[in-house]
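> sequence first, then the predicted structure:
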Amino acid sequence: MYSKHLSNIPTTRISPISRIIKPSLLHHPTSPAMSTKSSSSSLSCPLTGNALLASPYYNKGSVFTPSERKTFSLNGLLPSLPQSHEQQLSRAYSQYKSKPDDLSKNTFLNSIRSQNIILFYSLILSHLTEMLPIIYTPTEAEAIKEYSHLFRRPDGVFLNIEMSSEEVEEALRGWEKGRKEMFGNTEETEETRYVVVSDGEAILGVGDQGIGGIAIAEAKGVLMALCGGMHPGVVCPVGLDCGTDNEDLRGDELYLGLKHGRISGEKYDQFIESFVKAVKKLFPRAVLHFEDFGVMNARRLLETYREKLPCFNDDVQGTGVVTLSAIMASAKVAEVDVKEMRTLVFGAGSAGVGIADMLVASAVEEGVDEKEACKNIWLVDKNGLLLESTGDDLSPAQKSYAKPDSDWKDKDTKDLTKLISTIKPHALLGVSTVKGAFTESAVKEMAQHVKRPIIFPLSNPTSLHEAVPEDLIKWTESKALIATGSPFPPVEHDGKKFEIAENNNSVVFPAIGLAAVIAEVGRISDGMLVEAARRVADMSPALDGEGKALLPDVEQVRDVVREIAVGVVKKAQEEKLVKKQGVPMDEEKLKEWVEERMWKPEYRELKKV
Ligand SMILES: NC(=O)C1=CN([C@@H]2O[C@H](COP(=O)(O)OP(=O)(O)OC[C@H]3O[C@@H](n4cnc5c(N)ncnc54)[C@H](O)[C@@H]3O)[C@@H](O)[C@H]2O)C=CC1
Ligand SMILES: CC(=O)C(=O)O
Ligand SMILES: [Mg+2]
């Protein structure tokens, strides 16, 4: 299945650097980013001398050619001998390796990003499995906790709740002006196309990180370029500083954000409204990505803005999509019909309800009645199973899943093992941030009722996983079908190897974002999201044999992203949501069209403006 989708991609023009970067990333050495015209191999550069060396977008460091050194007044500003991109990568990699721990590696890579984006992205793409956990979960969570201590230079827009709507607009306008000055307004980076925003309240499982939350917006923006092929110059990270309830941060004299408690209610809503209005006004073709908002806001904001502009909540919808795809793949392996599956979601917060909703959306697409679909999903939160009697304490989104109390009279609604014994779920999904919550007794109970227990401990970072794969394999005698929120190495058991899929929204949001941007969709529909999940499930390696991962390997993320993006654009075409003119209808042509719009981190010859 996997190869069916990935085989017919033409391999063309392999540059020498293909020894380091996968050939599939080098198909279009001169590819444009967001433009419909193909660009020439050169790039117009408005800068010279030290200003050029200081620009991460044009800087090539030791790779500047003799003629570029002459044209751009660089002679004397660099050591004499020009080197190749490969040599530069090799030097950067040995510097990276010399760093003593993961956090220092994270700092090192971010420092490269602020010096030279081609080097940064090409280095990571050549060591994706090794470096993704350093720039993303789990290490990024540590970096965010230390944000105010590690801070060197800002990247993105810092907005705070005390700003008037005029000031919010002015700050975003200032960002756009600086961006245009930097790029000299080239065709491929004409305007901001993707805005990632976080208010820092629920960061990667490590809670309220205040203004440090801007770093998750940066990291997700980096993944948009790295995995999604969005030109890094059209991505705008935004941090919304609304105060913090994290006492440690407030007590830290180096903390860089507002030192009062979080402001909520009307003032918060007005602040968000002025931000979204300014985004719509200043970046009319942008897609807005919400990241790591608190449980009281994530869903609510998505519902408020979903019909007003193309926007997306990654924790709710991205997690929902990737989990749905792993469930679809597991269902094929376990030979159960997804529509009939019983699912217990442990942790009924943003991610938990998002997953439940995606399961329902997919069942509805298959013709199942929405209420019936909800009956097959049980949500458990810190006070136990969600019941109708808990009504007032439940959010509107949670209420659809609350079970009638009459069905649960005399039954335990709190203990996980007992819940499993009553529900007999096919799938158990953990998004609770409770380390070790999937105990041996709970897992063994599950394995008594279904042939292939589908168990996904998805909480991040790694230290918060509800169970570790090794135990799940042992407790179920290798029957469990597993996916985890952060990466895990394969498990060896009884002489067999079991690959563990990383079920992280990073596989899907770059594709959904890319598709939404290049096709200029009016909104992001449930149909588009379900199609994204189907595309990923069709590429599941687990369909090719026992022990293989449920989800595609991270090393193939670019190819996978392209396939998903094609599906999403096609669905948007069916639903008449595509505003961009001339988007091909034919699948093969569409594939090429998407590929041509994926930015790749390769040096281009610089020419004077
Ligand atoms: N793998 C992935 O792609 C993603 C993973 N996550 C992870 O999922 C976790 C949850 O994230 P969010 O939903 O955004 O947070 P959230 O705070 O909205 O939800 C967590 C929920 O777990 C509940 N909970 C706490 N203790 C519990 C207990 N003992 N039993 C049952 N439920 C309990 C909380 O009351 C809350 O409703 C985090 O660790 C996050 O990093 C989130 C998004 C994507
Ligand atoms: C992966 C992600 O978005 C989270 O853990 O919040
Ligand atoms: Mg998140």
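Happy to help now that I have it. Numbering: from 1, shown residues only. Ligands and ions are numbered 1, 2, ... in the order given.

> pLDDT score assigned to the residue sitting nearest the centre point of the chain?
By Cα atoms, centre = their mean, the mean C-alpha position of the chain lies nearest to Ser506, the distance being 3.1 Å. On pLDDT, Ser506 comes in at 92.

> that one contacts Leu223, doesn't it?
Yes. Ser506 is within contact range of Leu223, at 5.4 Å (criterion: Cβ atoms under 8 Å). Glycine gets a C-beta too; all of them are placed from N, C-alpha and C.

> mutual contacts of those two, please.
Tyr136 (Cβ atoms under 8 Å, 6 or more residues apart in numbering).

> gap between the closest residue to ligand 3 within the stretch 451-600 of the chain and Ile355?
Residue nearest to ligand 3 within the stretch 451-600 of the chain: Asn505 (6.8 Å; Cβ to the ion). Per Cβ to Cβ, to the nearest Å, Asn505 is found 11 Å from Ile355.

> swap in His231?
Taking Cβ to Cβ, one finds His231 at 31 Å from Ile355.

> the more surrounded of the two?
Ile355 (30 against 25; other Cβ atoms under 10 Å).

> so the residue nearest to Gly49 when sequence neighbours are not counted, which of the three states?
Once flanking residues are discounted, Gly49 sits nearest to Ser73: 4.4 Å by Cβ to Cβ, 6 or more residues apart in numbering. Under DSSP: H, G, I helix; E, B strand; the rest coil, Ser73 falls in the coil class.

> just checking, Ser73 touches Cys45?
No. Counting by Cβ under 8 Å, Ser73 does not reach Cys45; the two are 11.7 Å apart.

> which of those two has more neighbours?
Between Ser73 and Cys45, Cys45 has the larger neighbour count (other Cβ under 10 Å), namely 23 against 14.

> relative to Val234, how far out is the more buried one?
For Cys45, the distance to Val234 - Cβ to Cβ - is 17 Å.

> only alpha carbons, please: show whichever strand or helix holds Ile124 as PDB.
If you go by DSSP states H and E, Ile124 is part of helix 117-126. Extracted C-alpha coordinates of helix 117-126, given in PDB (Å, rounded to 0.1, in the frame of the first residue of the first chain):
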ATOM      1  CA  ILE A 117      18.400  28.600   7.200                       C
ATOM      2  CA  ILE A 118      19.600  26.400   4.300                       C
ATOM      3  CA  LEU A 119      22.200  24.900   6.600                       C
ATOM      4  CA  PHE A 120      19.700  24.400   9.400                       C
ATOM      5  CA  TYR A 121      17.000  22.700   7.300                       C
ATOM      6  CA  SER A 122      19.400  20.600   5.200                       C
ATOM      7  CA  LEU A 123      21.300  19.500   8.300                       C
ATOM      8  CA  ILE A 124      18.100  18.300  10.000                       C
ATOM      9  CA  LEU A 125      16.800  16.700   6.900                       C
ATOM     10  CA  SER A 126      19.900  14.700   6.600                       C
END
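
> tell me which element the residue in the chain that ligand 2 sits nearest to falls in.
Residue of the chain nearest ligand 2, by Cβ to the nearest ligand atom: Asn460 (3.9 Å). Take DSSP H and E as the rule and Asn460 turns out to sit in neither a helix nor a strand.

> contact partners for it?
Applying Cβ under 8 Å, 6+ apart to Asn460 gives the contacts 137-138, 141, 204-205, 485-486, 504.

> likewise for Gly294?
The contact partners of Gly294, by Cβ under 8 Å, 6+ apart, come to 199, 201-202, 208.

> any idea of the mean pLDDT in the strand or helix carrying Val566?
Using DSSP H and E, Val566 sits within helix 557-574. Mean per-residue pLDDT for helix 557-574: 98.

> run the chain-centre distance for that helix.
Relative to its chain's centre, helix 557-574 lies at 15 Å (Cα atoms, centre = their mean, to the nearest Å).

> buried residues, it. List them.
For helix 557-574, a neighbour-count test (16 or more other Cβ atoms under 10 Å) marks 557-573 as buried.

> now the helix or strand just after it against helix 557-574, angle please.
Next along the chain after helix 557-574, taking DSSP H and E as the criterion, comes helix 587-596. Counting by axes from the mean of the first three to the mean of the last three Cα atoms, to 10 degrees, helix 587-596 lies at 120 degrees to helix 557-574.

> run through who's touching the helix or strand just after helix 587-596.
Moving toward the C-terminus from helix 587-596, the next helix or strand (DSSP H and E) is strand 605-608. The contact list for strand 605-608, computed with Cβ under 8 Å, 6+ apart, reads 41-45, 58, 60, 65, 68, 71-72.

> and for stretch 257-273?
148, 159-163, 165, 168, 200-201, 208, 210-212, 240-245, 249-250, 296-297, 301.

> cutoff 7 Å now
Identification of contacts with stretch 257-273 by Cβ atoms under 7 Å, 6 or more residues apart in numbering yields 160-161, 201, 210-211, 240-245, 250, 301.

> can you redo those as CSV with secondary structure and pLDDT?
Shown next, in CSV, are those (DSSP: H, G, I helix; E, B strand; the rest coil; pLDDT from 0 to 100):
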residue, secondary structure, pLDDT
Asn160, strand, 98
Ile161, coil, 98
Glu201, coil, 98
Gly210, helix, 98
Ile211, helix, 98
Leu240, strand, 98
Asp241, strand, 98
Cys242, coil, 98
Gly243, coil, 98
Thr244, coil, 98
Asp245, coil, 98
Arg250, helix, 98
Leu301, helix, 97
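
> from these, which is closest to Gly347?
If you rank those by distance to Gly347 using Cβ to Cβ, Glu201 comes first, at 16.3 Å.

> isn't the closest one right up against Asp208?
Yes. With contacts counted by Cβ atoms under 7 Å, Glu201 reaches Asp208, the gap being 5.3 Å.

> poorly predicted segments of the stretch 451-600 of the chain, please.
Low-confidence segments of the stretch 451-600 of the chain (pLDDT under 70): none present.

> can you show me the helices along the stretch 51-200 of the chain?
Ranges of helices in the stretch 51-200 of the chain, per DSSP state H, counting those that start in this stretch, are 66-71, 85-97, 102-113, 117-126, 128-135, 139-145, 147-150, 165-183.

> ok, Pro237 - how many residues close by?
28.

> contacting residues for it?
Pro237 neighbours (Cβ under 7 Å, 6+ apart): 155-156, 196, 214, 217-218, 221.

> which SS class is it?
strand.

> for it, give the beta-bridge partners.
Beta bridges link Pro237 to Val196, judged by DSSP bridges.
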